[in-house]
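>>> predicted model and sequence below, questions to follow.
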Amino acid sequence: GYIMSWAVAGPYYENNLSADSLFKRELPPELDVENANWKIMPILPDASPAFALELDRVIGGEERAAFLRTKIAAPEAMAAILELGTNDGCRVWWNGTLIHSLNTGRPLSPGEDKLPVQLTAGENNLMIAVFQTGGAWGATVRLVDKNGKPISEITCTPAISE
């Protein structure tokens, strides 16, 4: 049930600027999502947990941010819960609207943030900025129904600009 098809852009950072300060700025994908340098996010077969997106191993570094983006196709409109875990802070956009913003240092805890979303029939767009203050850096993401069950009718495709 976890979303494993992502495009990634970044890292975004400035020398001598903390992730906390970076969080207070608009970064390139927020200003022009289509022209960010998107590439396929590698999935690591030895990730722990197996459904974690390990940005520390794929991108590395500290005091920075990376963006994850996917397209979610749904056969019909439906209410859902976006279950998100990030290490560290994050911002989340659903179909172009900022729906969540959390500036904190925290360990990765799958499903820690539960965000109600409305899937539209057809394509839905999800973009997440994950901020890194130090140590581990990653995310877990899945969509579930109101009862907490994974939604099997959806498909996800990395959102690469053309």
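Happy to help now that I have it. Numbering: from 1, shown residues only.
>>> give me the element the most centrally placed residue in the chain is part of.
What sits nearest the mean C-alpha location of the chain, by CA atoms, centre = their mean, is Ile128, with 3.3 Å. Using DSSP states H and E, the element containing Ile128 is strand 122-132.
>>> what's downstream of that strand, the next helix or strand?
Moving toward the C-terminus from strand 122-132, the next helix or strand (DSSP H and E) is strand 138-144.
>>> so Ile99 belongs to a helix, correct?
No: assigned with DSSP: H, G, I helix; E, B strand; the rest coil, Ile99 falls outside any helix and is strand.
>>> doesn't Leu115 make contact with it?
Yes: contact criterion CB atoms under 8 Å: Ile99 and Leu115 qualify, at 5.9 Å. For glycine as for every other residue, the C-beta is placed from the backbone atoms N, C-alpha and C.
>>> quick check: neighbours shared by these two?
Common contacts of Ile99 and Leu115, defined by CB atoms under 8 Å, 6 or more residues apart in numbering, comprise Val92.
>>> quick one: low-confidence parts of this structure?
Where the chain drops to pLDDT under 70, the residues are 161-162.
>>> which residues in it form strands?
Assigned by DSSP state E, the strands in the chain fall at 7-12, 39-40, 53-54, 64-74, 78-87, 90-94, 97-102, 113-119, 122-132, 138-144, 155-158.
>>> for Ala19, find the nearest of these.
Shortest distance between Ala19 and these, using CB to CB, is found for strand 122-132: 4.6 Å.
>>> next, the buried residues of the closest one.
Along strand 122-132, these residues count as buried under the neighbour rule (16 or more other CB atoms under 10 Å): 124, 126-132.
>>> can you list the strands that it pairs with?
strand 64-74 (antiparallel), strand 90-94 (antiparallel) (DSSP bridges).
>>> those: which one's closest to Glu14?
Glu14 sits nearest to strand 64-74 of all these, at 8.9 Å, using CB to CB.
>>> would you mark the buried spots in the closest one?
So strand 64-74, judged by 16+ other CB under 10 Å, has buried residues 64-72, 74.
>>> one more: stretch 108-121?
Residues of stretch 108-121 classed as buried: 108, 110-111, 113, 117, 119 (neighbour count, 16+ other CB under 10 Å).
>>> want to throw the strands of the chain into TSV with distance to Ser18?
Listed next are those as TSV, based on distance: least, CB to CB, whole Å:
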stretch	distance to Ser18
strand 7-12	13
strand 39-40	26
strand 53-54	22
strand 64-74	10
strand 78-87	16
strand 90-94	16
strand 97-102	16
strand 113-119	22
strand 122-132	10
strand 138-144	19
strand 155-158	30
